Structure formats: C-alpha cells, structure tokens
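Here is my input, please return the structure:
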Amino acid sequence: MTLRTIDVAGEDRRPAPKDTRPELRWIRIDQLVINTGYQRAIEARGRQTIRKIADNFSWSKFGALDVNQVGDTTFEIIDGQHRTHAAALCGIEEVPALVKVLTPQQAAAAFSWINGMVTALTPNQVFRAALAALEPWAVQCDATVSRAGCKLMTYNKSAAHKKPGEVFCISMIRQLVAADKGTFLVAVLDGLMVDACRGGAATDPALFGAMWLRTLTESAQSCGITRGEVVGDFLAQNDIWSIEKACLRLRADRKGEYYNTPMHQLLTRSVTAKLRAWQVGTVAA
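Have a look, this model is predicted:
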C-alpha cells in the first residue's frame, strides 16, 4: 500500500474563503427536510439506489450530509437525501451533517455546484478500489484475466502506450464474467497471447479491446471452443483484419441488407461463421 500526502507545491495559491465556516453536527432525521424548489424527486431509479445503500449500509461508507439551517430545529438537505432515506430504512435516527446557514439562492447554487463538480470515477478506478476491498466481482474478473497471463488494468493508458496482454475494458470483462462466459474469455485471451508471441495480428493491442474481446468470446462460445491454442491457430490461419474490413464495407453499403447493422453484431456473425468453417476444415484435414 502506498500513502501520499496532499501536495500543492508549485500550484498557484487562492485567497481564503470569506464566508462562515460550517459546523459538523449530528442531526436527527426527523429534523431534515427536502426543498423541492431545487432538489430532485425520488423516482424509480432513486429508490433502487436507496435500497442498495440500505442493503449495504455501513458507517464506513457514509459521508456527512450538506445541509442548510432554515429554522431552530429544521435543516434542508443540500446533498445526501438518498443516504438519509437509506439510513431511515435502517432505523437510524441521527446522521452526521455539515451545517451551513445560507439564503435560498445560495442553497440552490450549492446544490448545483456540489452535484455538477463531482469527478466521476472511471471504470478502471472503480475496479482498482473494488479489488483493494476484495469485492467478489473484482477479484473474479482479475483472476479470470490473469489465468490467461494477461493483466486487467487499474488505470488507463493512451493508445500509443498500450501493450498486448493489457486489458482496459473493465465493464466488458465484468459483463462477460457475470454472464458465465469466463471459460471462453480465458480461451480467447490465451489464444491472443499465443498469436501475439508468434508476431501475429494480436501484437495490435486493439484486439484486447472491448469490441474484439466480446466478439471473439461470443464466437468461441457459439463454437464450443475452450482451449487457447485453438483460438491461436485460428488467428494464425485467418486474416482477422480482412474480416473487419469486409464488415465495414457491408455496413457502408446503403443498398445492402446489413447497412448500419451494429458493428459488433455483424463482426460476431462473420467471425463465428469463419470459425465454424475453419473448424470443419481442420477436422476434415
């Protein structure tokens, strides 16, 4: 584990804030209200989020609310209404909150700013945290990719710096593993590594990307292929890039039946057909 400090050396300094510093307190949930003038209504998706938070409730995952004091014992929630609802579902009576005293306009502006300035985590960053927390899905995905001698990356790289065997498409890997396609995925990754070592098409890291991994895995599943050497031999004896070019031409033909067909769908059909034909030819030989 590596720990780092907050370091702003070399950065341009800013003046200190002029408004009053908020106070951190524990507030009773029955003292909290929602200002519908700027707050979101809780709809189906929001209720799913609330149930998920409640099902996995832990103080270690609970951040303090942002609230605005609008009366002696009344506080409007600026940020954290889903967390508060989840806490109430768990029978919790008090939650921590950062208490501010704002005008209605300032409270609405704070809501807009807090929700608009959130830095969204990339799938790689989510995977990194989940792996460190030993969450089952992350451990399973990491183990699946590692079985083929590849690495599921916890950070991204520019296209120019990616290497064969580095897998960045976390979301796709998670989908394939969750769909019980891990055995076929391992065969594909193993076959790609075999082909890359031979100096074949898989020396291009693009084959380790989401579209090709999904295509090859689904094709391997359709053909019942679970051995990496079979995938490697197929790649060695078939020009995978010519298949892609043919699919692109079919999609571009405005008069053809495949015009604008999703590329993954067309590519999977083509690769599966090629793979089946190659299997038959190999058996016959």
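
Counting neighbours, what do you get for the closest residue to residue 222 other than its chain neighbours?
Nearest residue to residue 222, sequence neighbours excluded (Cβ to Cβ, 6 or more residues apart in numbering): residue 272, at 4.9 Å. For the C-beta atoms, the positions are set from N, CA and C on the backbone; glycine is no exception. Neighbours of residue 272 under the rule other Cβ atoms under 10 Å: 18.

which residues does residue 272 contact?
Residue 272 sits next to 218, 219, 222, 223 when contact means Cβ atoms under 8 Å, 6 or more residues apart in numbering.

Would you confirm that the first one belongs to a strand?
Read it as residue 218. No: per DSSP: H, G, I helix; E, B strand; the rest coil, residue 218 lies outside any strand segment and is helix.

quick one: what helix or strand has the closest residue to it other than its chain neighbours in it?
Of all residues not flanking residue 218 in the chain, residue 268 sits nearest, at 5.2 Å (Cβ to Cβ, 6+ apart). Element membership for residue 268, per DSSP states H and E: helix 263-284.

and the contacts of residue 272 as TSV, adding distance to residue 137?
TSV is the format used below for the contacts of residue 272 (distance: Cβ to Cβ, whole Å):
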residue	distance to residue 137
218	20
219	24
222	25
223	27
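
so what's the closest residue to residue 92 other than its chain neighbours up against?
Distance criterion Cβ to Cβ, 6+ apart; nearest residue to residue 92, sequence neighbours excluded, is residue 29 at 7.1 Å. Applying Cβ under 8 Å, 6+ apart, we find residue 29 in contact with 84, 87, 88, 92, 93, 94, 95.

Next, give phi and psi for the fifth one.
When you say that, I think you mean residue 93. According to degrees, to the nearest 10, the main-chain angles of residue 93 amount to phi -100, psi -30.

Can you report how many residues lie near it?
11.

next one: the second one
Neighbour count for residue 87, taken as other Cβ under 10 Å: 22.

in the chain, which spans are helices?
44-55, 81-89, 104-116, 123-132, 136-146, 170-178, 182-197, 210-222, 228-237, 240-252, 263-284 (DSSP state H).

ok, and for the second one, which residues are buried?
Residues of helix 81-89 classed as buried under the neighbour-count rule (16 or more other Cβ atoms under 10 Å) are 81, 82, 83, 84, 85, 86, 87, 88.

and the angle from it to helix 44-55?
Angle between the axes of helix 81-89 and helix 44-55 is 50 degrees (criterion: axes from the mean of the first three to the mean of the last three Cα atoms, to 10 degrees).

got any ranges where the chain has weak pLDDT?
Residues of the chain meeting the criterion pLDDT under 70: 1, 119, 283-285.

For the residue nearest the centre of it, which residues are in contact?
By Cα atoms, centre = their mean, the mean C-alpha position of the chain lies nearest to residue 123, the distance being 3.1 Å. Going by Cβ under 8 Å, 6+ apart, residue 123 touches 170, 171.

Show me the contact partners of stretch 224-241.
148, 183-184, 186-195, 198, 200-202, 207, 216, 220, 271, 274-275, 278-279, 282.

How about stretch 257-267?
Here stretch 257-267 has contacts from 211, 214, 215, 243, 244, 247, 248, 250, 251, 252, 253, using Cβ under 8 Å, 6+ apart.

In ChimeraX, how would I select just the buried ones from those?
Selection command for ChimeraX covering only the buried members of those, criterion 16+ other Cβ under 10 Å:
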select :211,214,215,243,244,247,250,251
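
biggest separation within the contacts of stretch 257-267, which pair?
214 and 253 (23.8 Å; Cβ to Cβ).

returning to what we had before: the residue nearest to residue 218 contacts residue 219, doesn't it?
Yes: with contact defined as Cβ atoms under 8 Å, residue 268 counts as touching residue 219 (6.0 Å).

ok, the two, which is more surrounded?
Neighbour comparison, residue 268 and residue 219: the larger count goes to residue 219, with 24 against 20 (by other Cβ under 10 Å).

which one is residue 171 nearest to, not counting chain neighbours?
The shortest distance from residue 171 to any non-neighbouring residue, by Cβ to Cβ, 6+ apart, is to residue 123 (5.0 Å).

how much space between that neighbour and residue 159?
17 Å (Cβ to Cβ, to the nearest Å).
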